[in-house]
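>>> Just need the structure, nothing else, for what follows:
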Amino acid sequence: MYSALLLTVALASAAAWETVPSPEQYVETPDFYQYLHAPSHHRQTRQLHGNTFFNSDGTSGFGVSAPFGTSQKNTFSAIGGANFDAASRLQSASYGVAMNNANGHGLSVTNTHIPDFGNQFKAAGYANLFRNQNHDVSVNGYFAKNRPQMPQIPSYNTVGAGLDYMFKNKVGASVGIAHTPYFDKTDYSLSGNANLFRNKGSSLDFNAGLSKSVSPFMSNSKWEPSTGFTFRKFF
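Numbering: from 1, shown residues only. Below you'll find the model as predicted:
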């Protein structure tokens with residue numbers, strides 16, 4: 001089934017692509033939904049959108065959004081995407097539906113398959129709080145039902161929320177928090193990115209961030225830094 005999904009997404013992605021931010025890599029954080037829909041709320045909505053990305057750590061992926069219905073201010077789309085590790089092994093494959101509003105709000109429902117783990121059902125949303133020519137501020141949130149394929153671990157829930165800021169679509173920052181009651185674990189993240197180059201067909205971004213997980217079952221909890229570059233190609 002996933003081979004057919006990936007083939008369908010790859011063929012659809014060749015039609016029309018657009019600048020979107022790179023996806024998160026972990027189950028407990030907002031994933032490809034964000035890189036398909038935030039923070040750019042100014043794009044055309046009645047055509048196929050998608051991109052492929054390559055990170056400096058060797059990870060890569062792609063995503064696509066295919067509108068199938070519109071109303072006066074809303075666009076309804078089928079969405080899909082996949083992430084790969086540095087050895088080109090599949091990390092996750094996702095598909096679902098999304099609704100985007102012309103005012104910068106949206107909802108989505110997705111299912112993600114994660115090899116060697118199981119599946120994740122997610123309901124997510126975002127809302128624009130403020131936007132002008134220079135500044136863009138949005139909030140996002142999600143609920144995820146994680147379904148491991150391991151008999152010793154039952155299904156469990158994760159909830160998360162975040163705040164995103166973008167200046168002139170060039171420099172941005174995000175803060176996020178996610179909680180998983182089953183493991184009594186809370187994840188915190190701070191990140192920023194700067195666009196170094198962008199034209200109609202490609203872009204290059206520098207990314208930096210800090211993340212920390214807190215749980216009674218973790219003896220050592222400290223902020224872990226990360227940096228990297230992301231190159232995106234639009235077809």
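>>> just checking, what packs against the helix or strand containing residue 147?
In this structure, residue 147 sits in strand 135-148 according to DSSP states H and E. Under the contact criterion of 3 or more Cβ pairs under 8 Å, 6 or more residues apart in numbering; DSSP states H and E, strand 135-148 touches strand 118-131, strand 156-167. In short, each C-beta sits where N, CA and C put it, glycine included.
>>> Could you export those as JSON lines, including mean pLDDT and distance to residue 100?
As requested, these are exported to JSON lines (pLDDT from 0 to 100; distance: least, Cβ to Cβ, whole Å):
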{"stretch": "strand 118-131", "mean pLDDT": "96", "distance to residue 100": "9"}
{"stretch": "strand 156-167", "mean pLDDT": "97", "distance to residue 100": "15"}
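>>> pLDDT weak spots in the chain?
For the chain, the stretches flagged by pLDDT under 70 are 1-46.
>>> all helices for it, in order.
2-13, 32-37 (DSSP state H).
>>> so how many other residues sit close to residue 108?
Look at residue 108: counted by other Cβ atoms under 10 Å, it has 23 neighbours.
>>> doesn't residue 124 make contact with it?
Yes - contact status for residue 108 versus residue 124: in contact at 5.1 Å, counting by Cβ atoms under 8 Å.
>>> And the strand holding residue 147, what's buried?
Residues of strand 135-148 classed as buried under the neighbour-count rule (16 or more other Cβ atoms under 10 Å) are 136, 138, 140, 141, 142, 144, 146, 147, 148.
>>> Excluding sequence neighbours, find me the nearest residue to the fourth one.
It refers to residue 141. residue 161 (4.3 Å; Cβ to Cβ, 6 or more residues apart in numbering).
>>> if I look at residue 206, how far off is residue 61?
Using Cβ to Cβ, to the nearest Å, one obtains 18 Å as the distance from residue 206 to residue 61.
>>> next one: residue 166
For residue 166 relative to residue 61 (Cβ to Cβ), the value is 21 Å.
>>> For the residue nearest to residue 213 when sequence neighbours are not counted, give me its contacts.
In space, not counting the residues next to it along the chain, residue 213 is nearest to residue 187; the distance is 5.0 Å by Cβ to Cβ, 6+ apart. By Cβ atoms under 8 Å, 6 or more residues apart in numbering, the residues touching residue 187 are 28, 29, 160, 176, 177, 178, 179, 180, 211, 212, 213, 214.
>>> same question, residue 90
2, 82, 83, 84, 115.
>>> what about burial for the residues you listed, which qualify?
82, 83, 84.
>>> Could you dump those into JSON lines and include distance to residue 233?
Converted to JSON lines, those look like this (distance: Cβ to Cβ, whole Å):
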{"residue": "82", "distance to residue 233": "15"}
{"residue": "83", "distance to residue 233": "16"}
{"residue": "84", "distance to residue 233": "15"}
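>>> could you show me where the strands are in this structure, in order?
Along the chain, the segments classed as strands by DSSP state E run 49-55, 60-70, 74-84, 90-101, 106-114, 118-131, 135-148, 156-167, 171-180, 185-198, 202-214, 224-233.
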